[in-house]
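J.: let me see the structure of the following:
(one chain, ligands or ions: 1)
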Amino acid sequence: MNNQLPYQDKDGNMIADEVEITPALLPNSIAACIIPKPKEKTRTVFIGNVIPFFRGKGDLTIICGNCFLPLACNISEGQLQNIVIKCPNCDKYNDIQ
Ligand SMILES: [Zn+2]
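T.: I've put the predicted structure just below:
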């Protein structure tokens, strides 16, 4: 299984148990850009409560830029483009470029 979060930093070093693990420390996680609510019909906005919204076979995780909630797991680079995901946890709009 590939959906277990690896507790390693970018260089492959294990992060010590005492260190508080935050998604920002995890490799291959990208914090999305928080934007104001898009005007209607200008962007594709995903709204829902099922987390993550997307799951693929890649190794990238996109996390909410505000609260670090994983919004898309195991996606491939470029798989998601030009969409907006409304975080169900903090209600912020995450711009996925
Ligand atoms: Zn959030």
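
J.: any idea how far apart the tips of stretch 82-97 sit?
T.: 5 Å (Cα to Cα, to the nearest Å).

J.: tell me the buried residues in it?
T.: For stretch 82-97, the neighbour count (16 or more other Cβ atoms under 10 Å) marks Ile83, Val84, Ile85, Lys86, Cys87, Lys92, Tyr93, Asn94, Asp95, Ile96 as buried. Where you see a C-beta, it was placed from the backbone N, CA and C, and this is true even at glycine.

J.: in its sheet, what does the one helix or strand the third one maps to sit against?
T.: Under DSSP states H and E, the secondary-structure element containing Ile85 is strand 83-86. The pairing partners recorded for strand 83-86 under DSSP bridges are strand 44-47 (parallel), strand 93-96 (antiparallel).

J.: would you turn these into TSV with mean pLDDT?
T.: Converted to TSV, the strands paired with strand 83-86 look like this (pLDDT from 0 to 100):
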stretch	mean pLDDT
strand 44-47	93
strand 93-96	96
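
J.: right, and these - which one's nearest Cys64?
T.: Nearest of the strands paired with strand 83-86 to Cys64, taken as Cβ to Cβ: strand 93-96 at 5.7 Å.

J.: do that closest one and the ion meet?
T.: No: counting by Cβ under 5 Å from the ion, the ion is not contacted by strand 93-96; separation bottoms out at 7.2 Å.

J.: can you show me the CA trace of that strand as CSV?
T.: Taking Å, rounded to 0.1, in the frame of the first residue of the first chain, the C-alpha atoms of strand 93-96 are listed here in CSV:
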residue,chain,number,x,y,z
TYR,A,93,-10.7,27.7,-1.5
ASN,A,94,-7.6,25.9,-2.6
ASP,A,95,-6.3,26.7,-6.1
ILE,A,96,-4.7,23.7,-7.8
